[in-house]
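In: Got a sequence here, can you build the structure:
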Amino acid sequence: MWTTVAIPTLGESALLGPLISDLVDQGGYDSLIVMDNRPFREEHITPVLDRGAHEARLIEMHCPEMSFHQMWNWAWRQCCDQDDIGNLILLNDDIRIPSGFVTRLVAALRSADDVWCAYPNYTRALVDDAPGDSTLTPTTGTFRRGGLWGCAFAVRAELLDNPLRPIDDQFVIWCGDDDLVKQIELAGKKVCRANGLALEHEMSTTMSKRPQLYEIGWRDIERFKAKYGEW
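Out: This is a model prediction of the structure:
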């Protein structure tokens, strides 16, 4: 069983370096892909690691032509290509994680056959992280309904194309996580919150620096409504 962690980034978050370092120190994955979405790359985006990129199983790729959700789909396909069974973990670059993050999130994802997607408890601060709490809560919808938040989650990679479709890349900024959750719900399966697994997120640093993207986001919502009849 292969585990891929993928982080799309524009390299603007001060938390990216510490996040990568924490992931490398903690392990629990087979490949860590940092997806550099900057139009031009003048220098590497990842921090210098004591153990080196090869030992850390770290791949840095420059993908300026991809949209956000196209990067998600590329990482999903890459994970599928490695093994018949896979865990894809998608992370924002502006989060803080507790110890054992990847291992614990994968354990939540594989806790039952009907759990197809799992995510950390973004209402729990790192100081309140509870490794002894392995309980899960099935949720409906995404962040606005108290459900999955697209800043950090894991999905069963082997479900790509059977039965889950790739994230619909007509959604440019928003609604990619909504699209995934809606597919899982329509299949009668579960998206679950790992109650004891803490996460801290700085909110959308990309959007706050580019207010013009909100208009694109609102159009994504209209596209989602047209596709599913609701949002």
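
In: I'd like to know how many residues surround the closest residue to residue 101 other than its chain neighbours.
Out: Take residue 101 and drop its neighbours on the chain: the residue closest to it by C-beta to C-beta, 6 or more residues apart in numbering is residue 26, 6.2 Å away. Quick note: C-beta positions are derived from backbone N, CA and C, even for glycine. For residue 26, the neighbour count with other C-beta atoms under 10 Å is 16.

In: same thing with the one 4 residues further on?
Out: Applying the criterion other C-beta under 10 Å, we find 16 residues in the vicinity of residue 30.

In: Residue 175 too?
Out: 27.

In: Repeat that for the one 10 residues further on.
Out: Number of residues near residue 185 (other C-beta under 10 Å) recorded here: 15.

In: got the contact list for the closest residue to it other than its chain neighbours?
Out: Excluding the flanking residues, the one nearest residue 185 by C-beta to C-beta, 6+ apart is residue 140, at 7.0 Å. Taking C-beta atoms under 8 Å, 6 or more residues apart in numbering, we find residue 140 in contact with 147, 185, 191.

In: Just the pLDDT for residue 140.
Out: Looking at residue 140, its pLDDT stands at 96.

In: you'd agree residue 193 is up against residue 139?
Out: Yes. Applying C-beta atoms under 8 Å as the test, residue 193 and residue 139 come out as touching, 5.5 Å apart.

In: Touching both of those two, which residues are there?
Out: Both residue 193 and residue 139 are in contact with 147-148, where contact means C-beta under 8 Å, 6+ apart.

In: out of the two, which sits in the busier spot?
Out: Set residue 193 next to residue 139 and count neighbours by other C-beta under 10 Å: residue 193 wins out with 24 against 17.

In: secondary structure element for the more buried one?
Out: Residue 193 is part of strand 190-198 when elements are defined by DSSP states H and E.

In: ok, the next helix-or-strand element following that strand: who's next to it in the sheet?
Out: Where DSSP H and E defines the elements, the next helix or strand beyond strand 190-198 is strand 200-201. The pairing partners recorded for strand 200-201 under DSSP bridges are strand 95-96 (antiparallel).

In: pLDDT averaged over the partner strand - what is it?
Out: Rounded mean pLDDT across strand 95-96 is 96.

In: Give me the contacts around that strand.
Out: Contacts of strand 95-96 (C-beta under 8 Å, 6+ apart): 15, 18-19, 126, 151-152, 199-202.

In: how far away is the most centrally placed residue in the chain from residue 65?
Out: Taking C-alpha atoms, centre = their mean, the centroid of the chain lies closest to residue 90, which sits 2.1 Å from it. Residue 90 sits 19 Å away from residue 65, going by C-beta to C-beta, to the nearest Å.

In: low-confidence ranges in the chain?
Out: Applying pLDDT under 70 to the chain flags the ranges 41-56, 203-211.

In: send the alpha carbons of the one helix or strand residue 179 maps to over as CSV?
Out: With secondary structure defined by DSSP H and E, residue 179 is part of helix 176-186. Provided in CSV are the C-alpha atoms of helix 176-186 (Å, rounded to 0.1, in the frame of the first residue of the first chain):
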residue,chain,number,x,y,z
GLY,A,176,-13.1,20.8,-5.6
ASP,A,177,-13.5,19.4,-2.2
ASP,A,178,-17.3,19.8,-2.6
ASP,A,179,-17.1,17.8,-5.8
LEU,A,180,-15.2,14.9,-4.1
VAL,A,181,-17.5,14.8,-1.0
LYS,A,182,-20.6,14.9,-3.2
GLN,A,183,-19.4,11.9,-5.2
ILE,A,184,-18.7,9.9,-2.0
GLU,A,185,-22.0,10.7,-0.5
LEU,A,186,-23.8,9.7,-3.8
